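A.B. asks: Below is the sequence, then the predicted model.
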Amino acid sequence: NYLATPRVVLGATVQRGGGANVFGISIDWQISELARCYGNVFRSSKHGMGGDIQLLFPYRSGSISLSHNRSWQHASKHNRSQTGTVLDTALTWSHRLSTTSSLTSRATFSRGRSRGFGGELSLLHRHAVFGVDCTWRASLFDRPNSAFAHSRNRGAELGLSIYLSKDRNNYNANLGLSGG
């Protein structure tokens, strides 16, 4: 990474792993106190190429972000994924309701592996039980399940994380219900 200006960090990466050469460039640009932009472009000799961009707009009690990524995948004897373009766009709103609770909503559009619009609404609450830090998460979701079957993945999930030590070692439990 290279600090080009106090508000712009440029990055580049070259990797070899899993039988693939991967090249990438990135930018982290703090446009102002109220806006930030992240972006990267990559190319893999095994899987194809792609890029993504995220705009983040923080405010006193949360943030709004808009993200978009696109990749062009190609098949090989080692790659079992579909050949073609994959596109994902999301608008996310996160808001702190109090010092221990927050609400997140997310609207998505996908084309490629899955196709269509989706949404999720989550409530997160942190508190201590018998002196042990815990985090509860309740979510409702409705999202596309497949590009071919036009089916939906709808459901609810309740999750609990328990932090057992000051080193933040934790246990997680999730209970969910979903249907098509």
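C.D. replies: Yes, it's here.
A.B. asks: Name the next helix or strand downstream of the one helix or strand S105 maps to, please.
C.D. replies: Using DSSP states H and E, S105 maps to strand 101-111. As assigned by DSSP H and E, the chain's next helix or strand after strand 101-111 is strand 116-129.
A.B. asks: quick one: buried residues of that next one?
C.D. replies: Using 16 or more other Cβ atoms under 10 Å as the test for burial, strand 116-129 gives 116, 118, 120, 122, 124, 126. (Each C-beta comes from the backbone N, C-alpha and C, glycine too.)
A.B. asks: Pipe the residues you listed into TSV and attach distance to L91 and pLDDT per row.
C.D. replies: Shown next, in TSV, are these (distance: Cβ to Cβ, whole Å; pLDDT from 0 to 100):
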residue	distance to L91	pLDDT
G116	15	87
G118	11	93
E120	11	96
S122	15	96
L124	19	96
R126	25	92
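A.B. asks: Going by distance to F141, which of those wins?
C.D. replies: Using Cβ to Cβ, E120 comes nearest to F141 of these, at 4.3 Å.
A.B. asks: Okay, and the beta partners of that closest one?
C.D. replies: R106, F141 (DSSP bridges).
A.B. asks: The residue of the chain most remote from its centre and N1, how far apart?
C.D. replies: Distance from the centre of the chain peaks at F130, with 32.9 Å (Cα atoms, centre = their mean). F130 is 43 Å from N1, where distance means Cβ to Cβ, to the nearest Å.
A.B. asks: re earlier: so what secondary structure elements neighbour the strand holding S105?
C.D. replies: strand 84-96, strand 116-129, strand 132-144 (3 or more Cβ pairs under 8 Å, 6 or more residues apart in numbering; DSSP states H and E).
A.B. asks: now it: how far from the chain's centre is it?
C.D. replies: When distances are taken as Cα atoms, centre = their mean, to the nearest Å, strand 101-111 is centred 10 Å away from the chain's centroid.
A.B. asks: Name the residues of it that are buried.
C.D. replies: Counting neighbours by 16+ other Cβ under 10 Å, strand 101-111 gives 102, 104, 106, 108, 110-111 as buried.
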